[in-house]
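Trainee: kindly generate the corresponding structure for this input.
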Amino acid sequence: MDLYSQAHSLGILTEFYDGQGNRRVTDEAALKIIVEAFPRPTPHRLLSGAIVIRPAQPTRSRLSETAKLPVKWTVKRGDVEVATGETREVFIEWPVHLPAGSYRVELLDASSCREELPLLVAPDKAYSGDFDRVWLLAVQLYGIKSRRNWGMGDFTDLANLIETCAKLGADGVGLNPLHALFDDRPGDFSPYAPNSRLFLNALYVDVEQAPGFANGPGSKALQPLRQAELVDYKGVAALKWPALRAAFDAFMAAPDHADAAEFKAYRAERGELLARFTCFEVLRHRFQKPWWEWPEEWRQPDAARCAALLSGPDRREADFVAYVQWLAERQLRHCKDLAHRLGMKVGLYLDVAVGVQSDGFDAWNEQSAISRTLSVGAPPDPLNTVGQNWGLAGFNAPGLELKNFEPFREMIRASMRHAGAIRLDHVLGLKRLYLVPHGFPAKQGAYVQMPFDALLAATAMESVASQCIVIGEDLGTVPEGFREQMADWGLWSYKVMIFERDDNGRFRDVDYYPPNALVTLNTHDLSTYAGWRSFGDLKTKRGLDIDPGETDQDRWHALGLWDEVLRHNGIHANDVHSAIGFLSRTRSRLLAISLEDLLGVVDQPNIPGTIDEHPNWRRKMPIDLEDIPGAVGLDALKAATAERISPAGV
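Mentor: Residues are numbered from 1 along each chain as shown. As a prediction, this is how the structure comes out:
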């Protein structure tokens with residue numbers, strides 16, 4: 001089989017039209033790397049791919065033309081046969097009695113051709129929530145200032161913010177990704193470039209609440225970190241990690257019985273996955289290089305070797321990794337439970353990154369399903385004429401199919417552990433991913449088809465199991481029918497006011513917004529409302545020699561059109577509370593209001609395409625958490641959200 005035939009068999013599109021209408025053919029050298037990065041699944045000779053069964057949907061699959069009848073089939077769950085059959089027709093009618101879950105189907109045709117495929121029995125739709133229309137406050141947790149934290153927002157700040165939000169009438173708090181980063185690389189602080197999406201960022205732990213904590217740094221060390229305009233991650237890490245180790249040593253020396261039992265239960269619950277994570281972290285610190293350069297015996301996760309390592313001299317270091325994760329889980333779970341006790345309909349709304357760093361735990365742990373030599377990105381378009389390379393490793397379709405989609409389900413499950421809603425960043429990646437081989441320019445990538453139905457089914461399964469709403473970040477241009485298929489599975493859309501304009505540039509009216517959607521003024525990658533109205537974003541980008549894609553005249557025109565739609569709805573001011581009042585009237589069931597907007601912050605949290613040129617993911621709020629209620633325009637906020645305020649918050 002030649003290179004292009006191999007690529008086609010793996011769902012790799014060797015040519016495409018970019019956002020400027022130019023036909024692009026993937027360079028042969030780049031294509032070879034992409035092909036070689038994927039595992040080799042059994043060729044699909046009898047069926048086209050994974051089988052998905054939904055209630056009240058046809059439960060038949062059409063056999064390929066090469067299948068020789070009759071075809072026998074067996075459905076297994078683990079090693080247990082749950083159904084068998086044979087067909088002499090071109091269709092297989094699947095049993096309707098199978099409980100929701102993940103299965104494998106073994107097929108055998110008359111020519112002795114064998115094939116094995118995943119079968120997913122899914123709920124009809126993802127979980128939809130049990131509320132009408134509510135609002136939540138969106139915050140960058142690291143940027144919360146308080147008079148008690150250690151220089152960046154932590155989980156105690158989050159608990160205090162939840163109490164404040166309940167008084168404001170909010171039904172949840174939306175957060176940046178909380179994924180685990182690298183404890184020894186505090187300079188790698190982007191929440192969207194994680195070590196692992198399966199575990200938590202320990203810098204959010206409030207060390208003073210850790211069992212075993214006794215004494216922390218004094219005010220002389222803490223005050224500069226608290227008062228700094230930007231988060232000093234290196235400074236925070238330099239104080240937190242020694243304090244965590246001291247607390248751990250004290251905890252291990254004389255653990256409180258209840259805390260020790262809780263720690264043991266947590267380790268048992270997270271099981272083999274946590275054991276592998278602790279093993280990986282020990283090895284990463286030992287070898288100080290990417291895992292593919294480690295000694296051969298450690299380049300693949302091995303249960304027996306990990307067990308030996310965790311029972312040997314490195315056991316205490318592994319215990320420390322587990323202890324820190326336990327603290328993070330414990331404190332985040334407290335926040336979730338607090339929101340529930342306060343009657344919040346959503347609680348925590350968490351963001352899920354589109355990929356992981358290639359030298360992190362997830363890429364080591366799932367080497368068949370995650371391609372570490374490829375980066376997720378985007379092809380050239382009018383705003384990025386050379387394309388984009390996000391530097392993140394993503395899932396691949398053949399590997400997911402071989403693993404019955406369990407790596408994807410595990411990631412979704414971990415993201416939902418403490419959430420009432422999650423947002424999947426770049427949800428288009430469930431249908432197709434643009435992948436760029438390491439060392440090649442972004443324009444030399446290729447689109448790769450993903451098993452969309454199977455991934456939607458897996459998402460719905462986890463959503464129903466966790467009672468968690470799923471919102472897909474579906475901004476920009478998506479393939480025809482994409483949003484309809486997403487909605488058919490119960491995934492919500494993501495509507496951003498700044499983008500919601502018709503072909504003539506007019507802003508969409510309130511009736512345009514669909515019910516099952518999260519609606520918001522902007523995102524972390526866009527201008528704040530104050531920045532948008534003051535042209536602050538345009539000035540900042542031009543100062544960085546970045547084309548903002550908009551002239552001052554364009555912005556004046558847009559502001560005029562925005563004022564026009566406000567007036568059409570009887571809103572005669574254009575301040576942030578007026579804008580919130582407009583979005584509050586939409587049918588969309590979730591409204592997210594950013595804390596930056598309520599506080600009149602001009603600078604946005606992140607400017608895409610920059611690294612050190614702009615203080616991405618470092619800006620703090622201009623006031624302390626304790627002062628927020630008096631600074632958000634309480635009466636105006638409650639008036640703007642009156643239709644959405646829960647009785648508990650009035």
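Trainee: how close does Leu63 get to Ala642?
Mentor: 58 Å (C-beta to C-beta, to the nearest Å). Every residue, glycine included, has its C-beta placed from N, CA and C.
Trainee: run the chain-centre distance for the helix or strand encompassing Ser5.
Mentor: Using DSSP states H and E, Ser5 sits within helix 3-9. Relative to the centre of its chain, helix 3-9 is centred 31 Å away, using C-alpha atoms, centre = their mean, to the nearest Å.
Trainee: mean confidence for it?
Mentor: Averaging pLDDT along helix 3-9 gives 89.
Trainee: Tyr512 and Phe499 touch, don't they?
Mentor: No. Assessed by C-beta atoms under 8 Å, Tyr512 is found out of contact with Phe499, at 12.0 Å.
Trainee: before we move on, back to that, for the helix holding Ser5, buried residues please.
Mentor: Gln6, Ala7, Ser9 (16 or more other C-beta atoms under 10 Å).
Trainee: next: stretch 162-173.
Mentor: Ile162, Thr164, Cys165, Ala166, Leu168, Gly169, Ala170, Asp171, Gly172, Val173.
Trainee: dump those residues into TSV; add pLDDT, secondary structure and distance to Lys431 as well.
Mentor: Output for the buried residues of stretch 162-173, formatted as TSV (pLDDT from 0 to 100; DSSP: H, G, I helix; E, B strand; the rest coil; distance: C-beta to C-beta, whole Å):
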residue	pLDDT	secondary structure	distance to Lys431
Ile162	98	helix	35
Thr164	97	helix	39
Cys165	96	helix	34
Ala166	95	helix	38
Leu168	94	helix	38
Gly169	94	coil	37
Ala170	96	coil	33
Asp171	97	coil	31
Gly172	98	strand	28
Val173	98	strand	30
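Trainee: quick one: which of the residues you listed is nearest His179?
Mentor: Val173 (17.2 Å; C-beta to C-beta).
Trainee: tell me what the closest one is bridged to.
Mentor: Leu137, Leu348 (DSSP bridges).
Trainee: shaky segments in the stretch 301-450 of the chain?
Mentor: 382-383 (pLDDT under 70).
Trainee: report the rounded mean pLDDT for the helix or strand Asp635 falls within.
Mentor: Using DSSP H and E, Asp635 falls within helix 634-640. Regarding helix 634-640, the rounded mean pLDDT is 95.
Trainee: how about Glu297, secondary structure?
Mentor: helix (DSSP: H, G, I helix; E, B strand; the rest coil).
Trainee: let me fix that: Arg542
Mentor: helix.
Trainee: quickly note the distance from it to Pro548.
Mentor: 7 Å.
Trainee: and those two? which has more neighbours close in?
Mentor: Using other C-beta atoms under 10 Å, the more surrounded residue of Arg542 and Pro548 is Pro548, with 19 against 12.
Trainee: look up how far Ser527 lies from that one.
Mentor: 9 Å.
Trainee: same thing with Glu15?
Mentor: Counting by C-beta to C-beta, the gap from Glu15 to Ser527 is 36 Å.
Trainee: which one's more surrounded, those two?
Mentor: Legend: neighbour count by other C-beta under 10 Å for Glu15 and Ser527, higher for Ser527 (26 against 11).
Trainee: and which of the buried residues of stretch 162-173 is nearest His334?
Mentor: For these, the nearest to His334 is Ile162 (9.8 Å; C-beta to C-beta).
Trainee: so which elements touch the helix holding Ser5?
Mentor: Counting contacts by 3 or more C-beta pairs under 8 Å, 6 or more residues apart in numbering; DSSP states H and E, helix 3-9 is packed against helix 28-37.
Trainee: and the helix it packs on, what does it pack against?
Mentor: So helix 28-37, by 3+ C-beta pairs under 8 Å, 6+ apart, packs with helix 3-9, strand 12-13, strand 374-378, strand 432-437, strand 446-449.
Trainee: of all these, which one is nearest Thr42?
Mentor: Here helix 3-9 is closest among the helices and strands packed on helix 28-37 (C-beta to C-beta), at 10.9 Å.
Trainee: name the surrounding residues that touch that closest one.
Mentor: Met1, Thr14, Glu28, Leu31, Lys32, Ile34, Val35, Pro43, Ala446 (C-beta atoms under 8 Å, 6 or more residues apart in numbering).
Trainee: with just CA atoms, put it into CSV.
Mentor: The C-alpha coordinates for helix 3-9 follow below in CSV (Å, rounded to 0.1, in the frame of the first residue of the first chain):
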residue,chain,number,x,y,z
LEU,A,3,1.7,6.4,1.3
TYR,A,4,-1.4,8.1,0.1
SER,A,5,-3.5,4.8,0.3
GLN,A,6,-2.2,4.3,3.9
ALA,A,7,-3.2,7.9,4.7
HIS,A,8,-6.7,7.4,3.2
SER,A,9,-7.2,4.2,5.3
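Trainee: re earlier: now list whatever residues contact both of Pro548 and Ser527.
Mentor: In contact with both Pro548 and Ser527: Asp537, using C-beta under 8 Å, 6+ apart.
Trainee: can you tell me which of the buried residues of stretch 162-173 is closest to Asp109?
Mentor: Nearest to Asp109 among these, with distances taken as C-beta to C-beta, is Gly172, at 51.8 Å.
Trainee: who are the packing partners of the host helix or strand of Gly85?
Mentor: Per DSSP H and E: Gly85 is located in strand 80-87. On a contact count with 3+ C-beta pairs under 8 Å, 6+ apart, strand 80-87 meets strand 71-77, strand 91-93.
Trainee: what about Ser128, which SS state?
Mentor: Ser128 ends up coil, using three-state DSSP.
Trainee: so how far is the longest helix anywhere in the chain from its chain's centroid?
Mentor: Using DSSP state H, we find that the single longest helix of the chain is helix 257-287. Helix 257-287 has its C-alpha centroid displaced from the chain centroid by 23 Å (C-alpha atoms, centre = their mean).
Trainee: repeat that for stretch 306-326.
Mentor: 27 Å.
Trainee: in it, what's buried?
Mentor: 306, 309-310, 314, 318-326.
Trainee: what of stretch 98-111?
Mentor: For stretch 98-111, by 16+ other C-beta under 10 Å, it's Leu98, Ala100, Ser102, Tyr103, Val105, Leu107, Leu108, Asp109.
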